[in-house]
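S.K.: what follows is a predicted protein model with its sequence.
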Amino acid sequence: MSKRDYYEVLEVSRTADEVEIKRAYRRQAVKFHPDKNQGNKEAEEKFKEAAEAYSVLSDTQKRSRYDRFGHSGVGSGAGGFDPGFTNIEDIFDLFGFGDIFGGGSSRRSNVQRGADLRYDYEITLEEAATGKDAKIEIPRLETCDECDGKGTAEGTSRETCITCNGSGQIRYQQGFFHLMRDCPNCAGKGQIIKDPCNKCFGGGRVENKKTLEVKIPAGVEMGSRLRIGGEGESGVGGGATGDLYVFIHVAEHENFERQGTNLYTSVPISFAQAALGAEINVKTLNGEEELKIPTGTQTGTVFRLKNQGMPNLGGRGKGDLFVAVTLVTPKTLSREQRKLLEQLAEIEDVDFQDEGFIEKVRNIFG
Ligand SMILES: [Zn+2]
Ligand SMILES: [Zn+2]
C-alpha cells in the first residue's frame, strides 16, 4: 500500500500555516481516536496516519525535507508508528486551549478569581419571621496588605523563569512529538519570586477574619441562600473577588410546624370547654391570640387564625396559623368534680350509634 500524501491526510493545502495544520490534525485525531472507534481497525490506521503526518508537517525542518523529497526525505517509510499517547485528553492537552483557537500565549495566567465561600447560619423561627441583621465572622483569604498582593518582598519584583524563558512551558520529545508541558520550575507561570513577601510567603494572599453585617430578610426558609457579591476570597494577581453565600438554617420550634408561610400548632381543651364553648388564648409566634371555641366542638377540629403565619419572602402578606384542638380527659378528679360527673352520667343520653360514630370506630381499629 502506497503512503498517502501528508497534506492529503490532514486535508490541508500545501501552503497551510502552523495553526491550520494544528487545527486540521486535531480534527482528524479526535475523529479517529481509538477511544471513540473501539475495535475499528480502519479508524486506528487513520488515527496513526494523521499523527504521523502531523509529526512531520508540524516540524519546520522535516516539513521542508518532505516538501522536497517526499516520504523518503523524512524516513517514514516503515510502519509501526506509535503516536505516543493514548487519551483524547492528551490531544487537547497537547495544544493547550489557547492554541486550538488560534494563537494566544500558552503561559498559565497569573490572574485568578477568588473562590466563592459558603457560610451556614442558623436562626430561630421567630427571627425568620421578622428578619434579622446578623453579624457573621468569616475566615477568608484576602489580598496581602504587606505586598499589595504581588507576593514579592519590598523593593523586589518577579523575575522571568530561566528554565522556560518566561513562556511557562517546556518542550520535550515523546516519540515523534514535541510535547509542551507546564514548566516545573515556575509551575507554568513564567515568572518566579526570588525574594518572597515575608507575610504571605509569595502567595499574595493571607488568612483573615472579616466581620460582616448581613441583612436576613423576613420570611426566609430552611435552605434559603443569600448571595453577597464580592465578599468571598480575594483574587490573585488582580483577579476578581469571589462571592459569599450565606445558607440559612431555620431551627425547629417546640410549638409550631411550618409549611411554606403557614404555621401549625395544637392546644388542649377540656370536655367542658368543648361541650359548652369557650374563649381560650392561643400562643402565636408574636404573643397570644384569643380563639373562640364554639359549643359542641369535637377533638381534632382545626381553627384558623388569619395572618398569624410567616411573612412572604420578598412579598406582601402573611400565612395563617392553624390550630388543632385536642380534647383532654382529666386523669384525676376532685371529690366535687367526681360528684358532678356522676350526676351528668346519670342523666346523660348516651346514643352514639350514629353513622359518624361507627365510622370513627372503624378509623381507630381499622
Ligand atoms: Zn518556568
Ligand atoms: Zn505579601
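M.R.: Noted; the coordinates are in hand. Ligands and ions are numbered 1, 2, ... in the order given.
S.K.: from now on I want contacts and neighbour counts done on CA atoms only, so please keep to that.
M.R.: Fine.
S.K.: from Ala115, how far out is the closest residue in space to Lys150 that isn't next to it in sequence?
M.R.: Excluding its sequence neighbours, the residue lying closest to Lys150 (CA to CA, 6 or more residues apart in numbering) is Gly204, at 5.4 Å. Going from Gly204 to Ala115 by CA to CA, to the nearest Å gives 14 Å.
S.K.: over to Lys36?
M.R.: Separation of Lys36 from Ala115 (CA to CA) stands at 35 Å.
S.K.: give me the next element, helix or strand, following the helix or strand hosting Val282.
M.R.: Assigned by DSSP states H and E, Val282 belongs to strand 278-283. Under the assignment DSSP H and E, the closest C-terminal helix or strand after strand 278-283 is strand 288-293.
S.K.: parallel or antiparallel, list what pairs with that following strand.
M.R.: Using DSSP bridges, the strands paired with strand 288-293 in its sheet are strand 278-283 (antiparallel).
S.K.: wait, the residue nearest to Lys150 touches Leu141, no?
M.R.: No - Gly204 lies out of contact with Leu141 (CA atoms under 8 Å); the separation is 9.5 Å.
S.K.: more neighbours, the two?
M.R.: Neighbours were counted for Gly204 and for Leu141 using other CA atoms under 10 Å; Gly204 has more, 26 against 19.
S.K.: OK, contacts around the more buried one?
M.R.: 143-144, 147-151, 197, 236-237 (CA atoms under 8 Å, 6 or more residues apart in numbering).
S.K.: show me which residues of the chain sit near ligand 1.
M.R.: The chain comes close to ligand 1 at residues 161, 163-164, 168, 183, 185-186, 190, as judged by CA under 5 Å from the ion.
S.K.: secondary structure class of Arg258, three-state.
M.R.: When classified by DSSP: H, G, I helix; E, B strand; the rest coil, Arg258 comes out as strand.
S.K.: name the element the nearest residue to it once chain neighbours are set aside belongs to?
M.R.: In this structure, Arg258 finds its nearest non-sequential neighbour in Tyr264, 6.4 Å apart by CA to CA, 6+ apart. Secondary structure from DSSP H and E places Tyr264 in strand 262-270.
S.K.: tell me what whatever helix or strand comes next after that strand is packed against?
M.R.: Going down the chain from strand 262-270, the next helix or strand is helix 271-276, by DSSP H and E. The contact analysis (3 or more CA pairs under 8 Å, 6 or more residues apart in numbering; DSSP states H and E) places helix 271-276 against strand 321-328.
S.K.: next, give phi and psi for Ser224.
M.R.: phi -60, psi 140 (degrees, to the nearest 10).
S.K.: specify the local secondary structure of the closest residue to ligand 1 within the stretch 201-350 of the chain.
M.R.: For the stretch 201-350 of the chain, the residue closest to ligand 1 is Gly202, as judged by CA to the ion, at 16.0 Å. Here Gly202 takes the coil state, with states given by three-state DSSP.
S.K.: neighbour-wise, which of Lys36 and Ala115 wins?
M.R.: Ala115 (18 against 12).
S.K.: report pLDDT for that one.
M.R.: Ala115 carries a pLDDT value of 92.
S.K.: who's in contact with it?
M.R.: Ala115 touches 232-235, 241-243, counting by CA under 8 Å, 6+ apart.
S.K.: do a quick rundown of the helices in this structure.
M.R.: 6-10, 18-32, 41-57, 60-69, 88-100, 125-130, 271-276, 335-347, 355-365 (DSSP state H).
S.K.: Ala218 touches Leu313, doesn't it?
M.R.: Yes - contact criterion CA under 8 Å: Ala218 and Leu313 qualify, at 6.1 Å.
S.K.: can you pull the residues that touch both of the two?
M.R.: Both Ala218 and Leu313 lack any common contact, where contact means CA under 8 Å, 6+ apart.
S.K.: so which residues on the stretch 251-366 of the chain come close to ligand 2?
M.R.: Residues of the stretch 251-366 of the chain lying near ligand 2 (CA under 5 Å from the ion): none found.
S.K.: swap in the stretch 101-250 of the chain?
M.R.: So the stretch 101-250 of the chain meets ligand 2 at 144, 146-147, 151, 197, 199-200, 204 (CA under 5 Å from the ion).
S.K.: could you dump these to JSON lines with pLDDT?
M.R.: Shown next, in JSON lines, are those (pLDDT from 0 to 100):
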{"residue": "Cys144", "pLDDT": "93"}
{"residue": "Glu146", "pLDDT": "93"}
{"residue": "Cys147", "pLDDT": "92"}
{"residue": "Gly151", "pLDDT": "91"}
{"residue": "Cys197", "pLDDT": "94"}
{"residue": "Lys199", "pLDDT": "93"}
{"residue": "Cys200", "pLDDT": "92"}
{"residue": "Gly204", "pLDDT": "91"}
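S.K.: tell me how many other residues crowd the residue in the stretch 1-150 of the chain that ligand 2 sits nearest to.
M.R.: Nearest to ligand 2, among the residues of the stretch 1-150 of the chain, is Cys147, at 4.1 Å (CA to the ion). As a burial measure, Cys147 scores 20 neighbours (other CA under 10 Å).
S.K.: do I have it right that it meets Gly155?
M.R.: No - counting by CA under 8 Å, Cys147 does not reach Gly155; the two are 9.8 Å apart.
S.K.: what about the stretch 251-366 of the chain, any weak spots by pLDDT?
M.R.: Across the stretch 251-366 of the chain, the ranges flagged by pLDDT under 70 are 350-366.
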